[in-house]
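Peer 1: Return atomic coordinates for the entry below.
(chains A, B, C and D)
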There are 2 protein chains.
Amino acid sequence: MSEDGTDGQRGRGRRITAADVARVAGVSRVAVSRSFTPGASVSDAVRDRVIATARTLGYRPNAFARQLNRDRSELVAFVAGFIDNYYYAVFFDRLLNELQTRGWRTLYVHVGAGGDAVEALAQASEYPVACTIVAAGSLDVDAIAAVRAMGPVILAGPASALPDADAVSSDGGRGMALVVDHLVGRGRRRLACISGPASLASARERAEAFGTALAGHGLAPAGIVHTDFTEPGGVDGMRRLLEGPVPPDAVVCGNDAIAFGVLNLLRAETALAVPRDIAVTGFDDTAPAAWPLIGLTTVASPLDRRIAAICDLLDRRVADPSAPAQRIRIEPHLVVRATS
Amino acid sequence: MSEDGTDGQRGRGRRITAADVARVAGVSRVAVSRSFTPGASVSDAVRDRVIATARTLGYRPNAFARQLNRDRSELVAFVAGFIDNYYYAVFFDRLLNELQTRGWRTLYVHVGAGGDAVEALAQASEYPVACTIVAAGSLDVDAIAAVRAMGPVILAGPASALPDADAVSSDGGRGMALVVDHLVGRGRRRLACISGPASLASARERAEAFGTALAGHGLAPAGIVHTDFTEPGGVDGMRRLLEGPVPPDAVVCGNDAIAFGVLNLLRAETALAVPRDIAVTGFDDTAPAAWPLIGLTTVASPLDRRIAAICDLLDRRVADPSAPAQRIRIEPHLVVRATS
DNA sequence: CAGTGACATGAACACGTGTACATATGCGGC
DNA sequence: GCCGCATATGTACACGTGTTCATGTCACTG
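Peer 2: Numbering: from 1, shown residues only, chains lettered A, B, ... in the order given. Next up, the predicted model:
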């Protein structure tokens, strides 16, 4: 009864289906399906009429129903946490844009601190996705298992956790060498390092590379400190470095946020002048680093190349799920500014 | 043939279904469905066996199939653009986290500049969503129509475009009044304003409120300039303000990013001291504003309350699609720091 | 013991779409 | 005029799940 024109005022929740379009256009339902399938066998006359009717009625094929009997999903899960880092904000913005441009749809999965990550991933895994892109800084063992169960994985951040997954990461060791060479070349001798949490592989990698590069010049570290990858973390780390008898003449930071904290502490609580008394360097080349107020020397890795690498890896992985894992390291370069 | 145990190494693309679990557990398929449906009529014995088997096999109900015959979707579309603003980065991070905690899944839709927004929205509309949250600064007419076609809409940013949609926004006029009162109270008389693009309602609103608040003190603006809501925009806007014969003694900025640009320009290209010669204020209270290096006086609106309001509005809208539109304005407050 | 209700279970259907298969139509070549 | 082929259309099924309906089982009550 209500199937007839009784509810010309189409119900709010009611979604227009291919059958509706077929009825109005005077064709069969499959004709509608074919009209929306490129390369299907339909006459131009029918296709035109269907498209026109669909436009009038506001019809769009239901993605849920379509994916149901297709083996390939156009959905990609994007797992991330802690976007409050400026670097990741820009990174994600551009990456998600590029994914969309390439025809992927993105299911956003937020993993915060604590064990809720497993639950979040489990619920997200109810959606069949073609691939999962992991951009979270760290995942515990359970979360890693949960991600793995979702299918192919691409690591967009530090490639620590999954040794046999595709990964795109910045060559932190190389970047650290660039920084140390630069500082030593400018006459600095007492170099200290403030890196991220020791629990994160990327933080450990950078701290170790710092020591290695320094040893290459015959020098020993004036201090190595682990803290959070944040501005308050930088304040904390620098404060601990200053507890020693003689302050370092250069501080190499694990990312820009830490460097900002270092600069803030030096300005607010000490008489040390930058760069006269002490040099400061960052990592990531976030936007504030380039501001004249700050002028932070830092390590940049080209975002465009990084994003393109991730998307290429994604296409390749979807095309051949059994292909061997590929690990791409993006070559960074040094941006020298006022703080060194 | 391959249906048998031949591929004990379970095929990569093959997804485990409820029928698989039923076969292994020795129950009917519906029993599996019921075991995953809270409140369904199943014996504890069967449910326990099903859950255990599902865990072993790594089964999760297919969300696509489930949503297909349910009227309510657990999916929410999140439409955003230009996350490269620090304020929005934090905002989105927390909002998406809260949505997830409340049981929603998020489909991310990126709208960049230009007309591709319509196409992006059209493709996203193939996914039946319970609601669409729009956080993009601006949408053109076509994009607005596309969003409207997707169902209920909640505006998370400036509530310009859709007069009859739910909206949560900061009370920009009230914030601007707080700033002006503060500056005038400190003896400033030549106040100028640098706001965002005149094409954005939020930017216009703030510029107009600036003039109104100033008139309340019997003063006239020393200049009103429109530019981008970015740091370079602030540099540009301040440069234009300095073209006049006498510089202002206070610059009120439409957001923090603009204020950072202003501070950068003043430091790099002028001899004007902040706050002695000129005061600078921002809007949004982003993290760098609180850094000792910067110490920006700015207007803060509590993020927690804002996010809670959006989520509450979402729940309400989904429960009753025909409820009248609700527009919530969050009361801001002033944070006084070094620049004023 | 018959009757009754609560409860567990399986068969059948629905959701909206893509696609393999069968069938009708039109056209050119003999 | 008939056959063979290409193309267009309709029918039937498949995807994986939730849900309604009918049936079966058990315990409790009179």
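Peer 1: wouldn't residue A:107 be in contact with residue B:107 here?
Peer 2: Yes: the pair residue A:107 / residue B:107 is scored as a contact, 6.2 Å apart, by CB atoms under 8 Å. Using the backbone N, CA and C atoms, a C-beta is placed for each residue, glycine as well.
Peer 1: buried stuff in the lowest-mean-pLDDT helix or strand in chain A?
Peer 2: One helix or strand of chain A scores below all others by mean pLDDT, DSSP states H and E: helix A:141-149, with a mean of 81. Buried positions in helix A:141-149, judged by neighbour count with 16 or more other CB atoms under 10 Å in any protein chain shown: A:143-144, A:146-148.
Peer 1: do stretch A:312-321 as well
Peer 2: For stretch A:312-321, the neighbour count (16+ other CB under 10 Å) marks A:313-314, A:317-318 as buried.
Peer 1: likewise stretch A:163-179?
Peer 2: Per 16+ other CB under 10 Å, stretch A:163-179 contains these buried residues: A:165-179.
Peer 1: start to end distance for it?
Peer 2: 27 Å (CA to CA, to the nearest Å).
Peer 1: how about that stretch, does it reach chain B?
Peer 2: No: using CB under 8 Å from any CB of the partner chain, stretch A:163-179 stays clear of chain B, coming no nearer than 14.1 Å.
Peer 1: which residues touch that stretch?
Peer 2: By CB atoms under 8 Å, 6 or more residues apart in numbering or on different chains, the residues outside stretch A:163-179 that reach it are A:152-159, A:202, A:205-206, A:208-210, A:212-213, A:216, A:252, A:281, A:283, A:297, A:299, A:301, A:306, A:309-310, A:313, A:317, A:325-334.
Peer 1: Need the residues that contact stretch A:329-340.
Peer 2: Contact partners of stretch A:329-340, identified using CB under 8 Å, 6+ apart, comprise A:168-171, A:174-175, A:178-179, A:182-183, A:186, A:250, A:259, A:263, A:274-275, A:279-281, A:285, A:289-290, A:294-302, A:305-306, A:309.
Peer 1: ok, residue A:27 touching residue A:48?
Peer 2: No: using CB under 8 Å, residue A:27 is not in contact with residue A:48; the gap is 11.3 Å.
Peer 1: Mind checking which of those two has more residues around it?
Peer 2: Counted by other CB atoms under 10 Å in any protein chain shown, residue A:27 and residue A:48 do not tie: residue A:27 has more neighbours, with 20 against 13.
Peer 1: Confirm that that one sits in a helix.
Peer 2: No: checked against DSSP: H, G, I helix; E, B strand; the rest coil, residue A:27 lies outside a helix; its state is coil.
Peer 1: which residues does residue A:305 contact?
Peer 2: residue A:330.
Peer 1: Just give me the neighbour total for the closest residue to residue A:259 other than its chain neighbours.
Peer 2: Spatially, and ignoring its direct neighbours in sequence, residue A:259 is nearest to residue A:282 (3.5 Å; CB to CB, 6 or more residues apart in numbering or on different chains). If you count neighbours by other CB under 10 Å, residue A:282 ends up with 32.
Peer 1: what sits against residue A:282?
Peer 2: Listed by CB under 8 Å, 6+ apart, the contact partners of residue A:282 are A:253, A:255-256, A:258-260, A:289, A:296-299.
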